[in-house]
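Visitor: Sequence unavailable; structure follows:
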């Protein structure tokens, strides 16, 4: 009987950190999927988790996946960057990873991204907006540092990417398929920035950029735009299906409902054995309200399990209690919400 695949879920407060350890013939190969936090854990806590990750992998191979560019998924990676730089084989992330230094005004979301930056610069954010503003700036800076330091090992992915960690996974029997995001970001922009999409489309028709900004600014507040921008980042998360032996492990990052709808349209969803519950068990991260989407990923005969990395945040509805009750009725749950230890291990056999 082969050794089990292990998924180690770290207790990072409000964030994600999963270390997948896959047995191979002569060694174990490790894939670190996200590592960050914004609430519930301080820098010392994350450094301790980072040390455990390094001790766990030892001299064995490791690759890193960043599903999207939010602090609750990348802050710990930034703290661990120098150590990872010496060891990491590949660093995979979404093609739509965004930072202020890489913003492209010629894209459909460009004017909105640019407007948000201008609004932050021109007016003092409210106390309610300040956390979003600071997280935006910090994540942008950390993304740039990570991608710059890891250089050619960084690969930006969309659905249909070929040979994802193919050489790295050789000998494990495992494979990774990218289910999302789509290459065309407009499919997400049109859904998520629906209130401003008519303004943003004008950029391609010769309308002066400043006029577009004025129009959007007059109709939408900074907080509204910041939250829509976060939703776009979430919905362009890398969504991965990790196959190992006869198991399917679905890893959707923080994908929101709009991403699930597009995956359903593209007919890429299959029943899972293990689901990493999206977006910290908030109501907008799991497609249970859509019978069509849910039945495409859920099959009771597979004895499904749910892994939930979450931390109470009432203003954002995390975790959503109705969703937790629903998932409990559908399979076994492992949650970090009340976890007192640094991590918990889940084994696929």
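Guide: Received, thanks. Keep in mind that this is a model prediction, so the values were computed, not measured. Residues are numbered from 1 along each chain as shown.
Visitor: Going by neighbour count, list what's buried in stretch 286-304.
Guide: Under the neighbour-count criterion of 16 or more other C-beta atoms under 10 Å, stretch 286-304 has 286-288, 293-294, 296-298, 304 buried. Quick note: C-beta positions are derived from backbone N, CA and C, even for glycine.
Visitor: same thing with stretch 18-29?
Guide: Going by 16+ other C-beta under 10 Å, stretch 18-29 has these buried residues: 18-24, 28-29.
Visitor: Sort out for me which of the buried residues of stretch 286-304 are in helices.
Guide: Those of the buried residues of stretch 286-304 mapping onto helices are 293-294, 296-297, per DSSP state H.
Visitor: between the residues you listed, which is nearest residue 53?
Guide: Taking C-beta to C-beta as the measure, residue 297 is the one of these closest to residue 53, at 29.0 Å.
Visitor: how near is the closest one to residue 187?
Guide: 20 Å (C-beta to C-beta, to the nearest Å).
Visitor: isn't residue 24 right next to residue 172, touching?
Guide: Yes - with contact defined as C-beta atoms under 8 Å, residue 24 counts as touching residue 172 (4.6 Å).
Visitor: what about this structure, any weak spots by pLDDT?
Guide: 1, 103-108, 195-220 (pLDDT under 70).
Visitor: Run through who's touching stretch 308-319.
Guide: By C-beta atoms under 8 Å, 6 or more residues apart in numbering, the surrounding residues in contact with stretch 308-319 are 9-10, 12-18, 39-40, 276-277, 279-283, 324, 327, 333-337.
Visitor: Going through the residues you listed, which ones are buried?
Guide: 9-10, 12-18, 40, 276-277, 279-283, 324, 327, 334-337.
Visitor: Which of those fall within strands?
Guide: 9-10, 17-18, 276, 334-335 (DSSP state E).
Visitor: I'd like these as CSV, with distance to residue 343 appended.
Guide: Listed next are these as CSV, based on distance: C-beta to C-beta, whole Å:
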residue, distance to residue 343
9, 6
10, 5
17, 8
18, 10
276, 14
334, 11
335, 13
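Visitor: which among these gets closest to residue 167?
Guide: residue 18 (21.8 Å).
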